[in-house]
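Participant: missing the sequence, but the structure's below:
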């Protein structure tokens, strides 16, 4: 092997080593970013689930308020838990009106 071929081989080997080290670093950085992204996605999903639960709770209360207009037991149950029903307004078909009289801490 000639002198120049040896030096070219050493230079190419060094370049391969540098690229391998670079690839490992990029892989670790990508893995960390994926972990952060997964954590953010979990927080977003938790918030959406909480939002969906709140919407469900509002819908249940609206249905309960609609029933409370004609059902005294439901009206008392809501009143005992701090909710008042506005019976002055006439709800449209399938629509109920309610108001949360609770004070949030």
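Facilitator: Done, it's in. No experiment lies behind these values; they were computed from the predicted model shown. Numbering: from 1, shown residues only.
Participant: same for the helix or strand containing residue 14, what does it pack against?
Facilitator: Using DSSP states H and E, residue 14 sits within helix 3-68. Based on contacts counted as 3 or more Cβ pairs under 8 Å, 6 or more residues apart in numbering; DSSP states H and E, the elements that helix 3-68 packs against are helix 72-80. For the C-beta atoms, the positions are set from N, CA and C on the backbone; glycine is no exception.
Participant: quick one: average confidence on the helix or strand that the helix it packs on is followed by?
Facilitator: The helix or strand immediately downstream of helix 72-80 is strand 83-84, counting by DSSP H and E. The average pLDDT within strand 83-84 is 83.
Participant: parallel or antiparallel, list what pairs with strand 83-84.
Facilitator: The partner list of strand 83-84 in its sheet, established with DSSP bridges, is strand 99-100 (antiparallel).
Participant: for residue 75, which non-adjacent residue is spatially closest?
Facilitator: Nearest non-adjacent residue to residue 75, counting by Cβ to Cβ, 6 or more residues apart in numbering: residue 68, 4.1 Å away.
Participant: need the pLDDT of the one you found.
Facilitator: pLDDT, residue 68: 88.
Participant: now swap in residue 75 and tell me
Facilitator: We note a pLDDT of 87 for residue 75 in this prediction.
Participant: do the same with the one 4 residues further on
Facilitator: In this model, residue 79 is scored at 87, pLDDT.
Participant: burial measure for residue 61, as a count.
Facilitator: By other Cβ atoms under 10 Å, the residues close to residue 61 number 18.
Participant: again with residue 83
Facilitator: With other Cβ under 10 Å as criterion, residue 83 counts 18.
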